[in-house]
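Colleague: Provided below are the primary sequence and the corresponding predicted coordinates.
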Amino acid sequence: MIKYIWDRMKALFREPDGFVLIYKRLSVRGGYQWPRKQSEVRNLSWREFDWLMSGIDIDQPKALKAE
């Protein structure tokens, strides 16, 4: 049996002088949006990565302007 935990995220970044490992667990109810098929995998912009790490849907049809 495979158990998927959707409220945790690990990311590994390569920098010229080493690697950065990020681990985050959402403390609110919900989970991360994650691709279910290889065809759904894509590169993210820094803004989309920030949204993903905040638990926000990265496929927003239109962003709202802050007032």
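Modeller: Received, thanks.
Colleague: Okay, strands next: where are they in the chain?
Modeller: 8-15, 18-25 (DSSP state E).
Colleague: Near the nearest residue to L26 once chain neighbours are set aside, how many residues? Count them for me, please.
Modeller: Excluding the flanking residues, the one nearest L26 by C-beta to C-beta, 6 or more residues apart in numbering is D7, at 4.6 Å. For every residue, glycine as well, the C-beta is placed using N, CA and C. Residues lying near D7 (other C-beta atoms under 10 Å) number 14.
Colleague: distance of D7 from G55?
Modeller: In this view, D7 and G55 are 9 Å apart by C-beta to C-beta, to the nearest Å.
Colleague: What distance separates the opening and closing residues of stretch 41-60?
Modeller: 17 Å (C-alpha to C-alpha, to the nearest Å).
Colleague: Can you mark which positions in it are buried?
Modeller: Neighbour-count burial for stretch 41-60, counted by 16 or more other C-beta atoms under 10 Å, picks out F49, W51, L52, G55.
Colleague: mind putting those in CSV, distance to V41 and pLDDT included?
Modeller: Formatted as CSV, the buried residues of stretch 41-60 follow (distance: C-beta to C-beta, whole Å; pLDDT from 0 to 100):
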residue, distance to V41, pLDDT
F49, 14, 80
W51, 17, 80
L52, 13, 76
G55, 20, 73
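Colleague: tell me which of the residues you listed is nearest to R36?
Modeller: Nearest to R36 among the buried residues of stretch 41-60, counting by C-beta to C-beta, is L52 at 15.2 Å.
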